[in-house]
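> 3D, please:
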Amino acid sequence: MISATNPAGPRRRALLAMPAAAAALLGGCSEPAVRKVGATTRAASPDGAALRATAGRDSVRLLALYDAALAAHPALARLLEPLRDDVARHAQAFGAQEHPVSASPEAPTTAADTVAALASAEKSLADARTTALLDAPPELARLLASVAAAGAAHVTLLKEG
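Numbering: from 1, shown residues only. Model prediction:
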């Protein structure tokens, strides 16, 4: 959505609506725990506990990246704090506890490199979560899709800075 006030691209409101749209699209998904992908068949645990735990740990690691970025570049707080808060809620949705990871990551030296690194981490995680949909039970698939869409929106917001 391009407007006279924001000729550069979509409005934040439109980007924040993406997770809800993704969840609505996947709302009717319900397939058995065994899915055929190409020539291989993968069996998923019925409740997706391992996948949910992995998604939670991934969110906690991403949260640590945001914390390191905020500590190293406090001037980025206006941009990063809302995104960091979203990531914290994602970790909670997956059942993870907000606790520091064993090795705290270091933020790049410049603010621009830090934002680029966060955008890259968000994109990689959104892509991984989209791939994980194949092995997820329906309820977890909807959550993964919603969080992946939010991550994609974060990438756009970080790149627009």
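> From the contact count, pick out the helices and strands touching the host helix or strand of residue 150.
Here residue 150, judged by DSSP states H and E, is contained in helix 138-160. In terms of contacts (3 or more Cβ pairs under 8 Å, 6 or more residues apart in numbering; DSSP states H and E), helix 138-160 is packed against helix 12-16, helix 18-26, helix 49-72, helix 77-93, helix 111-132. For every residue, glycine as well, the C-beta is placed using N, CA and C.
> Would you mind listing the buried residues in that helix?
Within helix 138-160, the residues that count as buried by 16 or more other Cβ atoms under 10 Å are 138, 140-158.
> In CSV, could you pull the C-alpha coordinates for that helix?
What follows is helix 138-160, C-alpha atoms only, in CSV (Å, rounded to 0.1, in the frame of the first residue of the first chain):
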residue,chain,number,x,y,z
PRO,A,138,-2.8,-28.7,12.8
GLU,A,139,-2.9,-26.5,15.9
LEU,A,140,0.9,-26.2,16.0
ALA,A,141,1.0,-25.6,12.2
ARG,A,142,-1.4,-22.6,12.6
LEU,A,143,0.8,-21.2,15.4
LEU,A,144,4.0,-21.7,13.3
ALA,A,145,2.4,-20.1,10.3
SER,A,146,1.3,-17.1,12.3
VAL,A,147,4.7,-16.7,13.9
ALA,A,148,6.5,-17.2,10.6
ALA,A,149,4.3,-14.4,9.1
ALA,A,150,5.1,-12.1,12.0
GLY,A,151,8.8,-12.9,11.4
ALA,A,152,8.4,-12.0,7.7
ALA,A,153,6.7,-8.7,8.7
HIS,A,154,9.6,-8.1,11.1
VAL,A,155,12.1,-8.5,8.2
THR,A,156,10.2,-5.8,6.3
LEU,A,157,10.1,-3.5,9.2
LEU,A,158,13.8,-3.9,9.9
LYS,A,159,14.7,-3.3,6.3
GLU,A,160,12.6,-0.2,6.2
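> Fine by me, we can end here.
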